[in-house]
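Colleague: Next one to model:
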Amino acid sequence: MNFEDHCIKRLNTTFDWVSSQPTTITWAPLTDLYTDAAATIPYTGTNATTVYVKSSTIGTQTYTVTSTAATTCFTTATVDVEVSALPDTTISRLDDTLTVAEAGATYQWVTCDAGPVYTPIGGATSQSYLVTAIGSYAVEVTKNGCTTRSACFDVTTLGTSSFDMNALTVYPNPVVDILSIRYNEEITAINVYDLSGRLVKQITPNQTEVEVNMSELAAAMYIVKVNAGESQTEIKVIKK
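Modeller: A predicted model of the protein is given here:
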C-alpha cells in the first residue's frame, strides 16, 4: 500500500515524498480459518494475505480483514461466508422404487461399480428411480449450490408378484413392431424401460388383451412391466 505523506512546492521546485509502507493483514474471528487450501493448518491471527474457510456449522459467519501500515494507519473490510446444510441423501425403497429423502433438488441417479466408478443413468433425474435390474445404485443431489452423493444402495432382489404366469401370454419375442400381451385379468398398466432404467413407453389399457407398439423404439433389450390390479410382473423383450 502506497501512502503520499505530503507534496511541498517552493517556486518552480517540487518535492514529492512518496513512501511505500509495509502492511500487516489480519483476519477475525479465527473460527474455521486456515492458512492452507487443504484446511490442515489453523490460522492463528498472524499476517496472512490469504486464508481459507472450512466449516461444518450451518449459518452465516462475518469475517473482518484489517490492513495495518507501519504508520498505524489501517483499513478494514468484511466478508460474509454462508454455510448451507448438505442435502439429505438417505435412500428408501418401496417395492422396486428408490427414493432419496431431499425434496425440491436436482437429481442424478448413478450405478455403483468397483473402483468406485459412478456411471450416470440416462434420464434418471427425478427424486425417485424405478429399478429394473439387480445392482448397486446411488444418487447425486444438488441444492442451494451444494452437491453430495449418497451411499451406494444395494438392490439384491426385485419385487415378486402374485401374477399367474400360466395365464400371461406375451408374443412375439423378439418383436419387430407390435407386442401382444394377454392376461386373465384386466391389465391396468404397461411400462417399458430400457436397460438404464429410463421409462420409454407407458400405457394404461384397462383391458385383458393389449397391443404395444414398439416400432418407434431402437433395437435393444427392454424391460416390460405389466400391472394387473395389485400384481406386477416384468418380462425381458428384445426389439429387433
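
Colleague: The helix or strand hosting T208: how far from the chain's middle?
Modeller: Using DSSP states H and E, T208 sits in strand 207-213. Using Cα atoms, centre = their mean, to the nearest Å, the distance from the centre of strand 207-213 to the centre of the chain it belongs to is 38 Å.

Colleague: Where does the prediction get shaky in this protein?
Modeller: 1-21, 157, 159-162 (pLDDT under 70).

Colleague: now with 80?
Modeller: Along the chain, the model assigns pLDDT under 80 to residues 1-22, 70-72, 95, 156-163, 165, 196-197, 230.

Colleague: Domain-wise, how is it divided?
Modeller: 2-83, 91-155, 165-239 (automatic domain parsing).

Colleague: Show me what stretch 114-129 is in contact with.
Modeller: 97-100, 102-103, 105-113, 137-140, 149, 152, 194, 196-199 (Cβ atoms under 8 Å, 6 or more residues apart in numbering). (Each C-beta comes from the backbone N, C-alpha and C, glycine too.)

Colleague: Can you flag the buried ones in the residues you listed?
Modeller: Buried members of the contacts of stretch 114-129, scored by 16 or more other Cβ atoms under 10 Å, are 98, 100, 102, 105, 107-112, 137-140, 149, 152, 194, 196-198.

Colleague: gap between G229 and Q207?
Modeller: Distance, G229 to Q207, by Cβ to Cβ, to the nearest Å: 13 Å.

Colleague: what do these two both touch?
Modeller: E186.

Colleague: which helices and strands does the strand holding T208 pack with?
Modeller: With contacts taken as 3 or more Cβ pairs under 8 Å, 6 or more residues apart in numbering; DSSP states H and E, strand 207-213 sits against strand 178-187, strand 189-194, strand 199-203.

Colleague: Tell me which of these sits most buried.
Modeller: strand 189-194 (a mean of 19; mean count of other Cβ atoms under 10 Å).

Colleague: Partner strands of it, with direction?
Modeller: strand 199-203 (antiparallel), strand 220-228 (antiparallel) (DSSP bridges).

Colleague: Now do the first one and strand 178-187, the angle between them.
Modeller: Counting by axes from the mean of the first three to the mean of the last three Cα atoms, to 10 degrees, strand 199-203 lies at 60 degrees to strand 178-187.

Colleague: outside of strand 199-203, which residues touch it?
Modeller: By Cβ under 8 Å, 6+ apart, strand 199-203 touches 123, 130, 189-194, 210, 212, 214, 217, 222.

Colleague: go on, the last one?
Modeller: Outside of strand 220-228, the residues within contact range by Cβ under 8 Å, 6+ apart are 132-133, 163, 168, 170, 179, 181, 183, 185-195, 200, 212, 214, 232-239.

Colleague: try 7 Å
Modeller: Strand 220-228 has contacts (Cβ atoms under 7 Å, 6 or more residues apart in numbering) with 132, 181, 183, 185-195, 232-239.

Colleague: and the angle from that strand to strand 207-213?
Modeller: 160 degrees.

Colleague: got the CA coordinates for strand 220-228 in PDB?
Modeller: Provided in PDB are the C-alpha atoms of strand 220-228 (Å, rounded to 0.1, in the frame of the first residue of the first chain):
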ATOM      1  CA  ALA A 220     -32.300 -53.300 -28.000                       C
ATOM      2  CA  MET A 221     -33.500 -55.200 -25.000                       C
ATOM      3  CA  TYR A 222     -36.300 -53.700 -22.900                       C
ATOM      4  CA  ILE A 223     -38.000 -54.500 -19.600                       C
ATOM      5  CA  VAL A 224     -41.800 -54.600 -19.900                       C
ATOM      6  CA  LYS A 225     -43.600 -54.300 -16.600                       C
ATOM      7  CA  VAL A 226     -47.200 -55.400 -16.600                       C
ATOM      8  CA  ASN A 227     -49.600 -54.400 -13.800                       C
ATOM      9  CA  ALA A 228     -52.900 -56.100 -13.200                       C
END
